[in-house]
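1. model this:
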Amino acid sequence: MKQRDLVLSIIDLCCDRPEFGRTSLQKVAYFVSQGLHQQLGHKAHFYGPFSEDVEDDVEGLLLAGLIDEKATSLGFQSYGGDAAKKYEYSMTDAGNERVEALRGAYPEEFQSLATFIERLEQAAGGLDQSVLSPAAKTYFIASREHRPVKTSEIRTFGAQLGWNLQRKQVLQVVAVLKTLGLVKQSAPAGTS
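-> Numbers count the residues shown, from 1 in each chain. Coordinates of the predicted model:
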């Protein structure tokens, strides 16, 4: 499956959740890339791992008429100084047709994606960015170090990236990462 089709499939599988928006999409895509071993170009950004490639794919999907995007002002300024907005996605008829074609052409890959997203949603208690962002930041830091890391180290490395991760957040999201099989059950990574 091509990357843009993967992003379309993620949106299709997630867009009916009210908490799913632009930031959640980036975090779900990040976890999909890690869990299903498909690099999507995520790098450190304000709200955690972010991929310009995924952002470009969303723009392409909008231009192709496969998805719709609705932006609502949140009434405050974002880190970059712009008006903060909540973005919601929905599928168009053309997008639904494309996803059905993908399900037929890549049944095993699509099912793996659907199963992974279901596990992510169950582990995180939904697709809310307030859980997905610290989980993605924690995993990004831990995987970058290529070794077990302590909670204090995650917080220190996070601060170097401009991320404020509280000890309680890190401990909570380690359970999410264990459920997804991204950290070993027996390893105390992030729990010290």
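
2. what about the longest strand in the chain?
-> strand 67-77 (DSSP state E).

3. Just give the strands next to that one in its sheet, each with its orientation.
-> Strand 67-77 has the following strand partners under DSSP bridges: strand 83-91 (antiparallel).

4. Can you point out the buried residues in the strand it pairs with?
-> Residues of strand 83-91 classed as buried: 88-89, 91 (neighbour count, 16 or more other CB atoms under 10 Å). From N, CA and C alone the C-beta is placed, and that goes for glycine too.

5. Tell me the one of these nearest Phe140?
-> When the buried residues of strand 83-91 are ranked by distance to Phe140 (CB to CB), Tyr89 comes first, at 23.4 Å.

6. And the pLDDT for the nearest residue to Gln166 once chain neighbours are set aside?
-> With CB to CB, 6 or more residues apart in numbering as the criterion, Gln166 has its nearest non-adjacent residue at 7.7 Å, and that residue is Arg155. On the pLDDT scale, Arg155 is placed at 89.

7. Pretty sure Arg155 sits against Arg167.
-> Yes - if you go by CB atoms under 8 Å, Arg155 and Arg167 touch, sitting 6.6 Å apart.

8. which one of these two has more residues nearby?
-> Under the criterion of other CB atoms under 10 Å, the comparison of Arg155 against Arg167 puts Arg155 first, with 20 against 12.

9. Which positions within the helix or strand harbouring that one qualify as buried?
-> According to DSSP states H and E, Arg155 maps onto helix 151-160. Applying a neighbour-count criterion of 16+ other CB under 10 Å, one finds 151, 153-155, 157-158 buried in helix 151-160.

10. Adding distance to Ala124, write those residues out as JSON lines.
-> JSON lines is the format used below for these (distance: CB to CB, whole Å):
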{"residue": "Thr151", "distance to Ala124": "19"}
{"residue": "Glu153", "distance to Ala124": "23"}
{"residue": "Ile154", "distance to Ala124": "18"}
{"residue": "Arg155", "distance to Ala124": "20"}
{"residue": "Phe157", "distance to Ala124": "22"}
{"residue": "Gly158", "distance to Ala124": "18"}
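
11. Closest one of these to Ile10?
-> Using CB to CB, Gly158 is the member of these that lies nearest Ile10, at 25.2 Å.

12. now the closest one: how far from Glu52?
-> Distance, Gly158 to Glu52, by CB to CB, to the nearest Å: 21 Å.

13. Over to Phe110?
-> Counting by CB to CB - Phe110 and Glu52 are separated by 25 Å.
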